[in-house]
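[1] model this:
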Amino acid sequence: MTYFPISLDLDGKPVTVVGGGSVAERRVDALLACGAVITVISPTVSVAIGLLVDEAKVTLLRRRYRRGDASGAFMVLAATDDGEVNNLVSEDGREAGILVNVADDPVRCDFILPAVIRRGDLSVAVSTGGKSPALAARVREKLAEDFGPEYGRLLEVLGDLRGAVRQRFGDPAERKAAHYRLVDSDALRFIRDRDESGLKRCLDEILDSPSPHPESETNE
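    Alright, predicted model coming up:
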């Protein structure tokens, strides 16, 4: 099966997680990082999820899942070791038109969860179409060695400069070329060296000079 890769805005959206063990815990952590409003449904939960409940970061229904529990959610994720419960969650969600994910069961999923590297707002996702999460994790580990935290800072800098680039370069081709020049500059090296003055000088030189060879590989 070929999946369509997208990035969902979950900020403020209700998400139901069924299960309270280690798999559910990882789901909850990832969802909280995206601003989701989470309800966990499980008779028992891990210590970590319990702490999140105590801190009012997660709502807990301490019982088994019941048909209709996912109603009103933007998505529902089943992370239990009970096949009957997981099947019920999948059927319930799909009947209600809710996005469904069942851990380690792609057939019952509307979407799968990739292995993700996060560097600030920069996200690099690795998916094997659900065939081998272990391979996805290994590829993520290799990519993590190449993309350190400095890339998150670089993205912040580039994002802050978009307005200045648009104002400085009126021609779309020149503007696109300027974005590439910023990305390909020594900015990353200055960030790694924590040389803010060098970084500013580098960026200012690019903004103050014309774009000699407009690029055309991608859109802004």
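[2] what's the longest helix anywhere in the chain packed up against?
    Longest helix in the chain by number of residues, with DSSP state H as the criterion: helix 150-168. Judged by 3 or more Cβ pairs under 8 Å, 6 or more residues apart in numbering; DSSP states H and E, helix 150-168 is in contact with strand 115-119, strand 122-126, helix 172-184, helix 187-192, helix 196-207. Backbone N, C-alpha and C define where each C-beta goes, glycine included.
[3] Show me how this structure divides into domains.
    The record's domain split for the chain, according to automatic domain parsing, is 14-113, 114-147, 150-207.
[4] Any buried residues in the shortest one, and which?
    If I follow you right, that is domain 114-147. Counting neighbours by 16 or more other Cβ atoms under 10 Å, one finds that the buried residues in domain 114-147 are 114-115, 117-119, 122, 124, 126-127, 130, 133, 136, 139-140.
[5] how long is it end to end?
    17 Å (Cα to Cα, to the nearest Å).
[6] low-confidence ranges in the protein?
    Counting by pLDDT under 70, the chain has low-confidence residues at 211-220.
[7] From one end of stretch 124-144 to the other, what's the distance?
    Counting by Cα to Cα, you get 9 Å between the two ends of stretch 124-144.
[8] Nearest to the spatial middle of this protein, which residue is it?
    Nearest residue to the geometric centre of the chain (Cα atoms, centre = their mean): residue 123, 5.8 Å.
[9] Touching the longest helix of the chain from outside, list them.
    Contacts to helix 150-168, defined as Cβ atoms under 8 Å, 6 or more residues apart in numbering, come from residues 118-122, 175, 178-179, 182-183, 187-188, 191-192, 199, 203, 207.
[10] and if we set it to 6 Å?
    With contact meaning Cβ atoms under 6 Å, 6 or more residues apart in numbering, helix 150-168 is reached by 119, 120, 121, 122, 175, 178, 182, 188, 191, 192, 207.
[11] farthest pair in those?
    For these, the maximum inter-member distance is 26.9 Å, found between 175 and 192 (Cβ to Cβ).
[12] any idea how far the closest residue to residue 196 other than its chain neighbours lies from residue 150?
    Counting by Cβ to Cβ, 6 or more residues apart in numbering, residue 196 lies nearest to residue 190, which is 7.6 Å off, once chain neighbours are set aside. The gap separating residue 190 from residue 150 is 10 Å, by Cβ to Cβ, to the nearest Å.
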